[in-house]
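Student: What follows is a predicted protein model with its sequence.
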Amino acid sequence: MKKHNFSAGPAILPATVLKEAGKAAANYHGMGLSLLELSHRGPEFMAILEEANALMREIIGLPDHYHVLWMSGGASSQFFMAPMNLLNEDETALYVDTGVWADKAIEEAKAFGNVQVLASSKAENYTHIPKDFKIPKTAKYLHLTSNNTIYGTQMRKFPKSPVPLVCDMSSDFLSRPFQADQFGLIYAGAQKNLGPAGTTVVIVREDMLGTVHRHLPSMLDYRVFAKNDSMYNTPPVFPIYVSMLTLRWIKKSGGLKAMQRKNKAKALLLYDEIDRNPLFRGTVAAEDRSHMNICFVMNEQYASLEKEFSALCIGNGMSGLKGHRSVGGFRASTYNALPQKSVQALVELMRDFAEKKG
Ligand code: PMP
């Protein structure tokens with residue numbers, strides 16, 4: 001039985017992408033060789049990288065003065081690489097603390113300069129996105145997390161900022177259009193909307209680079225990746241290939257506007273059921289609800305039914321629905337590649353369960 005994959009990441013990829021990736025792993029374009037065993041300097045991979053870069057630029061609408069870098073080390077490495085490359089010891093970086101990942105980014109940045117937490121919803125267990133903050137003009141940058149994977153909150157819009165925005169877009173990258181020139185730097189681990197774990201995309205504006213005085217090891221210097229077109233060393237060949245296939249799929253499916261429309265429809269379908277169903281409730285402020293990671297719990301009087309509902313989901317081919325341990329309950333991740341019918345199946349299960357138990 002084909003599963004409904006609600007995993008938060010590594011997450012569902014389009015079926016056509018997986019099929020093509022499987023073929024490439026076995027025998028790339030009929031060459032009698034796997035893509036996994038071809039040189040990264042050969043014409044095959046060079047063509048893949050070129051297409052991945054071109055598609056990324058086209059799909060986002062990226063201006064020429066931005067670099068696209070394919071790195072490794074996960075988004076977590078960007079928590080220290082961004083301040084290492086952008087922030088001098090006597091300068092201040094601003095952070096908005098909207099979840100565990102933002103918190104980790106804050107902790108890592110402290111090693112490189114002054115860190116000011118401009119706003120935080122930590123005291124309310126990150127159930128909303130703080131919005132009323134004034135951005136000091138003197139800071140080097142403002143770091144945001146566009147979507148909080150664990151809590152299920154998402155920034156609907158980004159603040160107008162007098163200082164460059166640096167944004168962790170790991171869990172909603174390419175799920176909706178965004179204005180790239182609002183940002184100085186964007187980073188995202190591939191393993192949600194883009195491809196397999198193993199590569200991290202960094203998009204950086206040229207003038208953000210070269211302003212720090214410290215020595216940067218080559219492999220931790222954005223300029224080295226920009227100058228060498230992500231080929232200073234052996235890049236994560238296969239994750240970049242699969243990401244390129246996903247970018248082709250996004251383009252063919254109508255681009256970021258189409259992704260946004262479909263993601264919104266899936267999210268509203270599930271949130272409507274959560275709000276309507278007497279057994280369940282959402283866990284975050286309605287206005288900040290994520291269209292990628294949808295968190296919900298059972299109402300107190302039905303809490304004892306959680307295990308039974310969980311087992312029912314598993315029995316019906318639904319995978320990855322368990323909420324993060326810090327929130328509990330359920331989390332349905334509805335990334336680009338998740339079909340509407342998977343959300344529909346979950347909604348029907350919730351409805352049937354309530355009819356039996358309510
Ligand atoms: N930021 C966000 C928003 C995430 O969701 C995650 C992982 N789920 C990370 C950072 C860390 O990413 P990685 O595991 O690639 O280091």
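Tutor: Arrived safely.
Student: Which one of the residues in the stretch 51-200 of the chain is closest to the ligand?
Tutor: residue 74 (2.6 Å; Cβ to the nearest ligand atom). (Each C-beta comes from the backbone N, C-alpha and C, glycine too.)
Student: What about the closest residue to that residue other than its chain neighbours, how many residues nearby?
Tutor: Spatially, and ignoring its direct neighbours in sequence, residue 74 is nearest to residue 189 (5.3 Å; Cβ to Cβ, 6 or more residues apart in numbering). By other Cβ atoms under 10 Å, the residues close to residue 189 number 27.
Student: cool, residue 85 as well?
Tutor: 23.
Student: got a list of what the spatially closest residue to it that is not a sequence neighbour touches?
Tutor: Nearest non-adjacent residue to residue 85, counting by Cβ to Cβ, 6+ apart: residue 222, 5.0 Å away. Contact analysis of residue 222 by Cβ atoms under 8 Å, 6 or more residues apart in numbering lists 67, 69, 81, 85, 202, 204, 209.
Student: Just the closest of these to residue 45, please.
Tutor: Nearest to residue 45, judged by Cβ to Cβ, of these is residue 69 at 16.2 Å.
Student: For the closest one, which residues are in contact?
Tutor: Counted by Cβ under 8 Å, 6+ apart, residue 69 has contacts 201, 202, 203, 204, 222, 225, 226, 230.
Student: Please report the distance of the fifth one from the ligand.
Tutor: Residue 222 sits at a distance of 17 Å from the ligand (criterion: Cβ to the nearest ligand atom, to the nearest Å).
Student: same check, this time on the third one
Tutor: When distances are taken as Cβ to the nearest ligand atom, residue 203 and the ligand turn out to be 15 Å apart.
Student: host element of that residue?
Tutor: strand 200-205 (DSSP states H and E).
Student: Mind giving me the packing neighbours of that strand?
Tutor: strand 66-71, helix 74-86, strand 183-189, helix 222-227 (3 or more Cβ pairs under 8 Å, 6 or more residues apart in numbering; DSSP states H and E).
Student: would you list every one of the helices in this structure?
Tutor: 15-26, 43-60, 74-86, 100-109, 222-227, 237-252, 255-276, 306-315, 340-357 (DSSP state H).
Student: mind giving me a markdown table with the ones you listed and columns for mean pLDDT?
Tutor: Shown next, in a markdown table, are those (pLDDT from 0 to 100):
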| stretch | mean pLDDT |
| --- | --- |
| helix 15-26 | 98 |
| helix 43-60 | 98 |
| helix 74-86 | 98 |
| helix 100-109 | 98 |
| helix 222-227 | 98 |
| helix 237-252 | 98 |
| helix 255-276 | 98 |
| helix 306-315 | 97 |
| helix 340-357 | 97 |
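Student: re the thing from before, list the pairing partners of the strand holding residue 203 within its sheet, with orientation.
Tutor: With DSSP bridges as the test, strand 200-205 is paired with strand 66-71 (antiparallel), strand 183-189 (antiparallel).
Student: how about the ones you listed in CSV, adding distance to residue 43 and mean pLDDT?
Tutor: Output for the strands paired with strand 200-205, formatted as CSV (distance: least, Cβ to Cβ, whole Å; pLDDT from 0 to 100):
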stretch, distance to residue 43, mean pLDDT
strand 66-71, 18, 98
strand 183-189, 28, 98
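Student: hey, which of the ones you listed is tucked in deepest?
Tutor: strand 183-189 (a mean of 25; mean count of other Cβ atoms under 10 Å).
Student: and it, does that touch the ligand?
Tutor: Yes. Counting by Cβ under 6 Å from any ligand atom, the ligand is contacted by strand 183-189 at residue 189.
Student: In the stretch 251-358 of the chain, which residue sits closest to the ligand?
Tutor: residue 293 (8.4 Å).
Student: and that residue, how many neighbours?
Tutor: Using other Cβ under 10 Å: residue 293 sits among 29 other residues.
Student: which ones are touching it?
Tutor: Here residue 293 is in contact with 8, 147, 148, 149, 150, 151, 152, 171, 331, 332, 333, 334 (criterion: Cβ under 8 Å, 6+ apart).
Student: so the fourth one makes contact with residue 170?
Tutor: To tie it back to what came earlier, the one meant is residue 149. Yes. Using Cβ atoms under 8 Å, residue 149 makes contact with residue 170 at a distance of 7.1 Å.
Student: Perfect, I'm done here.
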